[in-house]
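Engineer: Compute the structure for the input listed below.
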Amino acid sequence: MLRSGAPPHSHSKPVGQPRYGISLFDPVTMSWDRLPPVPKYPDGLPLFCQVVSTEGKLILIGGWDPSSWEPVRDVFVYEFTTQKWTQCADMPSTRSFFAVGAVEGKVIVAGGHDESKNALRSAWVLDMKEEEWCELGRMREERDECEGVVMGSEFWVVSGYGTETQGAFKRSAEVYGMGKGEWRVEEEAWGRVDARDHAWGWRRVKGEVIDMLGGGGGGGVGEVKVGACVVEVGERRVVTGSEYQGAPHGFYLYANGKLVKVNVEEEYSGIVQSGCCVEI
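Structural biologist: Residues are numbered from 1 along each chain as shown. Predicted coordinates for the structure are as follows:
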């Protein structure tokens, strides 16, 4: 399940910016569909919002109001059984470009930056059944523009940078174990410079280290080298991205080391910013 959206963020509001929407892709039938808009945002979803899935539900969280570009704390849940959106408990505070993941029926957000562009160490968890947020212990380091990865019962916050070291992406990750209820640091977990622009695939190596299956800066696989995004679907991966900056974005299925191009109608195409797999 992929969420298609606007081009990478800039410091000025573009004229005629694309509208954000959610496209659905079924890799078995190779069919596409579009979810209805969130009632609060009928003309397009918040810019840079993120999607995760748990227990067959799709959760949309955060982003910037498309009309004002102000960060929002909104959390919405889409029920595929009823085909309706509902609004869940807001995030306790605004944050942008944070890590997010769903573990054991809970949604975790960590890092990012606040409205003053201060990088954050804080993390919160949303219990989907209780619709309540609880604060987790703080990470050791600030991590703006970090990436969230879920492996088993662990939530990895990969790379990111601090307030005073903007753009200097870390190679470490901080890992929260749901069973242990605490963070640990994994050094050398990430070898690339920029986790958000380069990361699109993850796997576990020797039980501990995160490795990259593809990415940017010329280090991608085949036609996907810039603006890449991946969604794991069983043994396969749905991959999007372009061969070079400014090139059209393509959609592919990745399996056994090969990319197979997927034909996409224009209404479902575009740059993908966030994605997840929903098992129903």
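Engineer: So which elements touch whatever helix or strand residue 185 lives in?
Structural biologist: Assigned by DSSP states H and E, residue 185 falls within strand 182-186. Using 3 or more C-beta pairs under 8 Å, 6 or more residues apart in numbering; DSSP states H and E as the contact test, the elements touching strand 182-186 are strand 173-177. All C-beta atoms are positioned from the backbone trio N, CA, C, and that covers glycine.
Engineer: Identify each buried residue in the strand holding residue 185, please.
Structural biologist: Using 16 or more other C-beta atoms under 10 Å as the test for burial, strand 182-186 gives 183, 186.
Engineer: what angle do that strand and strand 173-177 make?
Structural biologist: With axes from the mean of the first three to the mean of the last three C-alpha atoms, to 10 degrees as the criterion, the two stretches strand 182-186 and strand 173-177 enclose an angle of 150 degrees.
Engineer: so how far is strand 182-186 from its chain's centroid?
Structural biologist: The gap between where strand 182-186 is centred and where its chain is centred comes out at 21 Å by C-alpha atoms, centre = their mean, to the nearest Å.
Engineer: what about the closest residue in space to residue 188 that isn't next to it in sequence, how many residues close to it?
Structural biologist: Counting by C-beta to C-beta, 6 or more residues apart in numbering, the nearest residue to residue 188 once its immediate chain neighbours are dropped is residue 171, at 5.6 Å. Using other C-beta atoms under 10 Å as the criterion, residue 171 is surrounded by 15 other residues.
Engineer: cool, residue 157 as well?
Structural biologist: With neighbours defined by other C-beta under 10 Å, the count for residue 157 comes to 32.
Engineer: Could you do the one 4 residues further on as well?
Structural biologist: Using other C-beta under 10 Å, residue 161 has 22 other residues around it.
Engineer: For the stretch 1-150 of the chain, which segments are assigned as strands?
Structural biologist: Remark: strands of the stretch 1-150 of the chain, listed N- to C-terminal, are 2-5, 21-26, 31-34, 50-54, 57-61, 75-79, 84-87, 99-103, 106-110, 123-127, 132-135, 147-151; assignment by DSSP state E, counting those that start in this stretch.
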